[in-house]
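J.: kindly generate the corresponding structure for this input.
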Amino acid sequence: MESEPDFHTAKALLEWQIDLGANEAIGEAPVNRYEVPEKAPKPAAVVADMPLLQQEGPDPVVIAHDMAAKAGDLPALEAALASYEYCELKRGARNLVFSDGQPRARVMVIGEAPGRDEDMQGKPFVGRAGQLLDAMLIAIDHGRAGAANPVYITNILPWRPPQNRDPKPEEIAMMMPFVERHVELANPDVLVLMGNISCQALLGRRGITKLRGHWVEALGKPALPMFHPAYLLRNPVAKREAWHDLLMLQAKVRETGLLT
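T.: Now for the predicted structure:
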C-alpha cells in the first residue's frame, strides 16, 4: 500500500500541475474527455425537471398605465405617482421629485433622475447641475416659474436611484406611462431631452453626442436632445455645443411665436 505524500511533496506536485496549466480542481478521479457516452442525456428531460419561472402578481407597467390614465390633471398625476408601490426606488428615496417651473409652459425640460440635492428638496435640478441649467436658460431669456418665458421641468424617474446609478430598463418601463401622461397634461409645444437616459426613454436611442444638435419628434412633439448639465460640469469643453443647442431652442421658440 502506497503511503500518502508528505506536505512538501504534495506541494511540489501541485506547483508542477499549475506550471502545466491546470487551474481548476474537478474531481478525485481522472476524466477521459474523448470518451463518447453510451447515451447522451436529453435536454428536454432536463428542462422538464426545472421549475418554470413565472412572474407573480400583476404587471407593474399595466398598473402604471391604468393609474396614469385616470389622472385628470397634474396634481392628480403627482398623487398617483406617490401612491404607486411597484418601483423599488421609492423605498430608498426621501422624496418624490415631480416637477418644478411653470405648469403648462411652452417648453418642457425632461431630465434623467434626481440626485442627492433633488432627493432632499423634492425638486428637479436644484444641485450644481440645476444651477448650471438655470444659467443656461437665463442666457436665452427663459427661466423657472416667475420668469417672462418660463419652462416646466421634470425627470424620467421621480425617485433617486442608489448611488446615482443609471436607471434600469424595468424602472424606466414602469415610469414611462406617467411620463407620457405628464407630457399630455402639461401640453408643451417643445420638449428638451436632457441626457442619454431621457433620449433612451423617449426616443429609444442613446448616444447624446450624435443626437444633440438635431430636432427630432417625441410623443408627437418637437424635441431637442441636449447634453445634461451634469455632463457639462465634467466636460466644460462641451459647453460650446450646448450653447449652439440653446440657440437652436431659442430660434425654434421664436419662429413659433412663443417667445415674449
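J.: packing partners of the helix or strand harbouring residue 69?
T.: Taking DSSP states H and E as the criterion, residue 69 maps to helix 60-70. Where contact means 3 or more Cβ pairs under 8 Å, 6 or more residues apart in numbering; DSSP states H and E, helix 60-70 is packed against helix 74-83, helix 169-186. C-beta coordinates here come from the backbone N, C-alpha and C atoms, glycine included.
J.: tell me which of these sits most buried.
T.: helix 169-186 (a mean of 19; mean count of other Cβ atoms under 10 Å).
J.: for the stretch 101-250 of the chain, which residues score under the pLDDT cut-off?
T.: Of all residues in the stretch 101-250 of the chain, none has pLDDT under 70.
J.: and the strands in it?
T.: With DSSP state E, counting those that start in this stretch, the ranges of strands along the stretch 101-250 of the chain come out as 107-111, 151-155, 190-194, 216-218, 221-226.
J.: tell me the strands beside the second one, with direction?
T.: Sheet partners assigned to strand 151-155 using DSSP bridges are listed as strand 100-101 (antiparallel), strand 107-111 (parallel).
J.: chain center to it, what's the gap?
T.: How far strand 151-155 lies from its chain's middle: 16 Å, per Cα atoms, centre = their mean, to the nearest Å.
J.: now for the spatially most central residue of the chain: which residues touch it?
T.: Geometric centre of the chain, nearest residue: residue 167, 3.1 Å, by Cα atoms, centre = their mean. For residue 167, the contacting residues are 112-113, 156-157, 161, 197, by Cβ atoms under 8 Å, 6 or more residues apart in numbering.
J.: same thing with residue 175?
T.: 64, 87, 156-158, 201.
J.: rerun at 7 Å
T.: 156-157 (Cβ atoms under 7 Å, 6 or more residues apart in numbering).
J.: returning to what we had before: roughly how far does the residue nearest to the centre of the chain sit from residue 62?
T.: Using Cβ to Cβ, to the nearest Å, residue 167 is found at 19 Å from residue 62.
J.: got it, and residue 79?
T.: Counting by Cβ to Cβ - residue 79 and residue 62 are separated by 19 Å.
J.: likewise for residue 135?
T.: From residue 135 to residue 62 the distance is 41 Å (Cβ to Cβ).
J.: what's the answer for residue 198, then?
T.: Where residue 62 is concerned, residue 198 sits at a distance of 24 Å (Cβ to Cβ).
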